[in-house]
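Enquirer: predicted model and sequence follow; I will ask about them next.
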Amino acid sequence: MSGYYQGLLILVCINIIAVLGVSILTGFTRLFSFGNAGFMSIGAYTAAILSSNFHVPFLLSILAGAVLAAFIAFLLGKLTLNLQGDYFLIATLGFGESVRVLFNYIVPVTGGAQGFSGISVIPGNQLLTVAIITIVCIAIAWNIISSKFGRNIMAIREDEMAARAVGINTATYKNFAFTTSGFFAGIAGGLWAHYFTFISPLMFNLDKSAEMTIVVVIGGLGSLTGSIIASILVTVLPEILRAASEYRMLAYGIAVVLIINLWPSGLMGYKEFSFSWFRTLWVSTKTLVRKIGAK
Amino acid sequence: MFLQQLINGISVGGIYAMISIGYALIYSLLGFSNWAHGDVAMIGAYIGFLFFATAKLPFPIALIIAIVGAGLLSLLNERIAYRRIRKNNSPTMFLMIAAMGVSIILQNFITVTVGPKFLTYPDVVPVSTFKIGTLHIGVLDALSLVVVLLSIILLIYLLNKTRFGLAIKACASNIAVASVLGINVDAYVMLVFFLAGSYAGLAGVLLGLKYTVYPQLGNVSLKAFIASVFGGLGSVPGAIIGGLFIGIMEGMITAFVSPGLRDIFTFSFLIIILLIRPSGLFGKNVSQKA
């Protein structure tokens, strides 16, 4: 497989991991965040500093980055999750931008705006390693969604007050969702650093945070598969349409406005991929054919 | 030195205030932060540039065209991108996502048509300063300060002394009841977007004159947004005070601490506001009981 396609697949995997976290946060708990790129940045820089300056093995540095990002998410969540939706969004936005500006400033640690280069490459077969990590992450996310945690955060999403009345500790579970999104973003950031071998604070800006949230909306709020599919689409389509790359972002913006206006439930709405989906498709096709035949 | 920085800060702050006012107006009516607002200002700057620098029209005419054009753009935004979501009763978060999309569209539309190069306005007023005592004030800064002041006075008059303003305040208070009482809410929403857009257009031209014109000009609106949060989302006086405050604070930090730390201070300030008093100076109490 040529280097180009390999690179594209690795990028797809990294974006999927980051979006998994945002999907749990936004799709399943209805907490919108424009700051998750900040967690990616923390994960990326931590992993880079650990593996370059302290020669920590690859997997360990990725994990450390993710844990740090998750911890900071936990602290931030404790401080801000009692704010209403709009204000929580603003807080996450402020956080994401603060991380970017801070990393720009502390030049001795992060290299500042020049970036941090010379990060060691992903060991072994890059694509295989990243793919395995991605599959593990998807499995973890799926497990979370199908577990008690998943049901609780979905209850919070549907009606927070009712959830509280039933005895769910909303503050704990909301922060759990937020911390998890930080963890996944941290892993994605660490992988990003070791794939591109160069990171700069600008890579993890408001646009990236917004992109992750938009991807979840496009895929369907409440569907893990939707988020994965949308993430693949949003990463791959610009490459396919590379010839019209100037118009790529323009088309992306138009797509966002169209989708949020016309199909707000996104690609898959609340549904996940399952075999019953095929059966429903089959049944509806049969009904449609029968109706046309009867006319 | 302090007074000098104060003057500089007020000058920039006035421009922030003009954009914050737009945020406040739209938030007070529809309950969401219109991310595309800063890009409306950017388009205003480009329109002004087009008619002043390229078509060589007299500056006042180009300015008026820019103001009206930006207002119309903002109105179109509402009509095309936001209205259906509003009518659907979708969560207000969807409006924000639509706003993000519009912001991307506007920035990239300019990038693919006009190009990403920085453009400079030809000089409208002589680039000189005049002295008041020991203070130096740029002619441009002084003029833009006067313009901003007049616009704000006009807005305050509009909102408080006219029926138009009364209707807007009614809609801001409770849009459903206002509609029941016979106010044509859709029309007023469009008018408010036009008003907000025209102020943004004016701010855009002033920014273009002061600095340069480029597609990402709208990013300055993030500061204006923070100003609006500080003043209290939805409050016009709060927006004005917030804009001035942020402008002055940034000027002070840049001069007395370090230019590199300026943005960190502004964003930390935002987080501190949200932790201590998220409703800002004049907003409503917004903490959930948790």
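Expert: That came through fine.

Enquirer: tell me how many other residues crowd the nearest residue to B:Leu202 once chain neighbours are set aside.
Expert: The shortest distance from B:Leu202 to any non-neighbouring residue, by C-beta to C-beta, 6 or more residues apart in numbering or on different chains, is to B:Ile67 (5.3 Å). Backbone N, C-alpha and C define where each C-beta goes, glycine included. Residues near B:Ile67, counting by other C-beta atoms under 10 Å in any protein chain shown, number 23.

Enquirer: again, but for the one 4 residues further on
Expert: Counted with other C-beta under 10 Å, the burial measure for B:Gly71 works out to 23 neighbours.

Enquirer: what pLDDT is listed against residue 162?
Expert: No chain specified, so I'll use chain A. We have a pLDDT of 90 for A:Ala162.

Enquirer: switch to chain B, that's the one I care about
Expert: B:Thr162 is given a pLDDT of 89.

Enquirer: how about the contacts made by the residue nearest to B:Leu202?
Expert: B:Ile67 sits next to B:Gly44, B:Ser198, B:Gly201, B:Leu202, B:Val205 when contact means C-beta atoms under 8 Å, 6 or more residues apart in numbering or on different chains.

Enquirer: now the helix or strand hosting it: mean pLDDT?
Expert: Using DSSP states H and E, B:Ile67 sits in helix B:59-77. In this model, helix B:59-77 has a mean pLDDT of 90.

Enquirer: how far away is the residue nearest to B:Leu202 from B:Phe59?
Expert: 12 Å (C-beta to C-beta, to the nearest Å).

Enquirer: name the helices or strands packed onto the helix-or-strand element of chain B with minimal mean pLDDT?
Expert: Taking mean pLDDT, DSSP states H and E as the measure, strand B:129-132 is the helix or strand of chain B with the lowest mean score, a mean of 71. With contacts defined as 3 or more C-beta pairs under 8 Å, 6 or more residues apart in numbering or on different chains; DSSP states H and E, the packing partners of strand B:129-132 are strand B:135-138, helix B:139-161.

Enquirer: now these as a markdown table including distance to chain A and mean neighbour count?
Expert: A markdown table is the format used below for the helices and strands packed on strand B:129-132 (distance: least, C-beta to the nearest C-beta, whole Å; neighbours: other C-beta atoms under 10 Å in any protein chain shown):
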| stretch | distance to chain A | mean neighbour count |
| --- | --- | --- |
| strand B:135-138 | 28 | 16 |
| helix B:139-161 | 23 | 16 |
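
Enquirer: select, out of the ones you listed, the one closest to B:Ile183.
Expert: Closest approach to B:Ile183 among those (C-beta to C-beta): helix B:139-161, 15.1 Å.

Enquirer: so what touches the closest one?
Expert: Helix B:139-161 has contacts (C-beta under 8 Å, 6+ apart) with B:7-8, B:10-11, B:14-15, B:17-18, B:21, B:124-130, B:164-165, B:168-169, B:195, B:199, B:202, B:206, B:209-210, B:236, B:240.

Enquirer: quick one: the helix or strand following that helix to helix B:139-161, angle?
Expert: Following helix B:139-161 in sequence order, the next helix or strand is helix B:163-173 (DSSP H and E). Here helix B:163-173 runs at an angle of 80 degrees relative to helix B:139-161 (axes from the mean of the first three to the mean of the last three C-alpha atoms, to 10 degrees).

Enquirer: who are the packing partners of the top helix by length along chain B?
Expert: Secondary structure of chain B read by DSSP state H shows that its longest helix is helix B:2-30. Counting contacts by 3+ C-beta pairs under 8 Å, 6+ apart, helix B:2-30 is packed against helix B:37-49, strand B:135-138, helix B:139-161, helix B:163-173, helix B:185-210, helix B:221-231, helix B:236-256.

Enquirer: okay, buried residues for it please.
Expert: Buried residues in helix B:2-30, counted by 16 or more other C-beta atoms under 10 Å in any protein chain shown: B:5-30.

Enquirer: and what of stretch B:228-239?
Expert: Those would be B:Ser228, B:Val229, B:Phe230, B:Gly231, B:Gly232, B:Leu233, B:Gly234, B:Ser235, B:Val236, B:Pro237, B:Gly238, B:Ala239, for stretch B:228-239 by 16+ other C-beta under 10 Å.
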